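J.: Have a look; sequence and predicted model below, questions after that.
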Amino acid sequence: MQTLVICSGGLDSVTLAYQIAAERSFAGLVSFDYGQRHKKELAFAALCAQQLGVLHTVMDVSPLGAHLGGSALTDNLAVPDGHYAEQTMKVTIVPNRNAIMLTMAYGIAAARKLDAVGAAFHGGDHFIYPDCRPEFVDAFAAMQNAALEGVARIQLHTPFLHLTKADIVALGARLNVPFAETWSCYKGGENHCGRCGTCVERREAFHLAGIADPTKYEDETFWLEATANAKTKGFA
């Protein structure tokens with residue numbers, strides 16, 4: 001199936017891109033500039049497309065993103081440190097972000113007469129992000145089937161939906177994903193901060209998967225404290 005992959009340049013979506021390249025007909029990557037506070041991740045998505053030899057489309061929806069305030073990813077709010085299981089991480093929600101991205105990706109796929117749109121939602125996202133949950137995926141796919149009835153029939157391909165981040169790291173290792181050439185950190189510094197939710201999740205996933213983590217973190221040990229705190233609260 002000819003599949004268009006939504007790619008942020010992060011570990012999950014780059015691993016999905018490598019899986020699609022290995023298993024399906026790969027139609028390219030689409031990334032979104034939604035007004036996020038740093039654009040560094042887009043450069044890593046472009047690098048992934050270059051490595052896999054596929055088309056990379058960047059959609060500039062930053063004018064819309066300017067109206068999606070209240071998130072630490074788009075507003076002048078501090079990105080919290082800690083585990084994703086902490087309630088403080090809800091400040092990283094960008095309202096309707098995934099629904100917007102998927103709608104645009106479906107339109108591109110329909111226009112190009114493709115068969116599927118791939119998204120790297122995974123089980124670790126479910127606690128914080130409602131637009132990464134199975135209920136959302138099922139409802140969105142049904143909506144798009146109705147929206148494109150008689151025009152296109154496009155599958156929403158989410159193979160990581162019930163996997164953990166550690167599962168994705170293990171898969172990526174088997175696919176020879178260049179993990180050092182992916183970007184997760186929400187703070188956008190020279191190196192991964194090692195303290196924000198996505199850095200903690202990334203470091204923990206490599207540990208649980210038993211895979212050496214090539215990522216350079218400014219704080220190499222904070223993830224241990226954050227994970228221990230989450231376990232104490234019964235979240236991790």
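T.: Done, it's in. For clarity, every value in this text was computed on a predicted model and none was experimentally measured. Numbering: from 1, shown residues only.
J.: In the protein, where's the longest strand?
T.: strand 25-33 (DSSP state E).
J.: For the next helix or strand after it, buried residues please.
T.: Going down the chain from strand 25-33, the next helix or strand is helix 40-52, by DSSP states H and E. Buried residues in helix 40-52, counted by 16 or more other CB atoms under 10 Å: 41-42, 44-49, 52. Bear in mind the C-beta positions are built from the backbone N, C-alpha and C, glycine included.
J.: Which elements pack onto helix 40-52?
T.: When contacts are defined as 3 or more CB pairs under 8 Å, 6 or more residues apart in numbering; DSSP states H and E, helix 40-52 packs onto helix 11-23, strand 25-33, strand 56-60.
J.: Residue 198: which of these is closest?
T.: helix 11-23 (9.1 Å; CB to CB).
J.: Average pLDDT for that closest one, rounded please.
T.: Mean pLDDT, helix 11-23: 97.
J.: Now that helix - C-alpha only, CSV.
T.: C-alpha atoms of helix 11-23 as CSV (Å, rounded to 0.1, in the frame of the first residue of the first chain):
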residue,chain,number,x,y,z
LEU,A,11,12.1,8.7,17.4
ASP,A,12,8.6,7.2,17.0
SER,A,13,7.8,8.7,13.6
VAL,A,14,11.2,8.1,12.2
THR,A,15,11.0,4.5,13.3
LEU,A,16,7.6,4.3,11.6
ALA,A,17,9.1,5.7,8.4
TYR,A,18,11.8,3.0,8.4
GLN,A,19,9.2,0.3,9.0
ILE,A,20,7.1,1.6,6.1
ALA,A,21,10.2,1.7,3.9
ALA,A,22,10.9,-2.0,4.8
GLU,A,23,7.3,-3.3,4.5
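J.: which helices and strands does it pack with?
T.: Looks like helix 11-23 contacts strand 2-6, strand 25-33, helix 40-52, strand 116-118, helix 165-174 (3+ CB pairs under 8 Å, 6+ apart).
J.: Other residues contacting that helix?
T.: For helix 11-23, contacts defined as CB atoms under 8 Å, 6 or more residues apart in numbering pick out 3, 5-7, 26, 29, 44-45, 48-49, 52, 54, 118-120, 122, 157, 159-160, 165, 168-169, 171-172, 175-177, 179, 181-182, 184, 202, 205.
J.: Filter the residues you listed down to the buried ones.
T.: Here, 16+ other CB under 10 Å leaves 3, 5-7, 26, 29, 44-45, 48-49, 52, 54, 118-120, 122, 157, 159-160, 165, 168-169, 171-172, 175, 177, 179, 182, 184, 202, 205 buried among the contacts of helix 11-23.
J.: and the gap between residue 160 and residue 170?
T.: 12 Å (CB to CB, to the nearest Å).
J.: Sorry, wrong one. I was asking about residue 225.
T.: Residue 225 is 25 Å from residue 170, by CB to CB.
J.: out of these two, which sits in the more crowded spot?
T.: residue 170 (19 against 15; other CB atoms under 10 Å).
J.: Cool, thanks, signing off.
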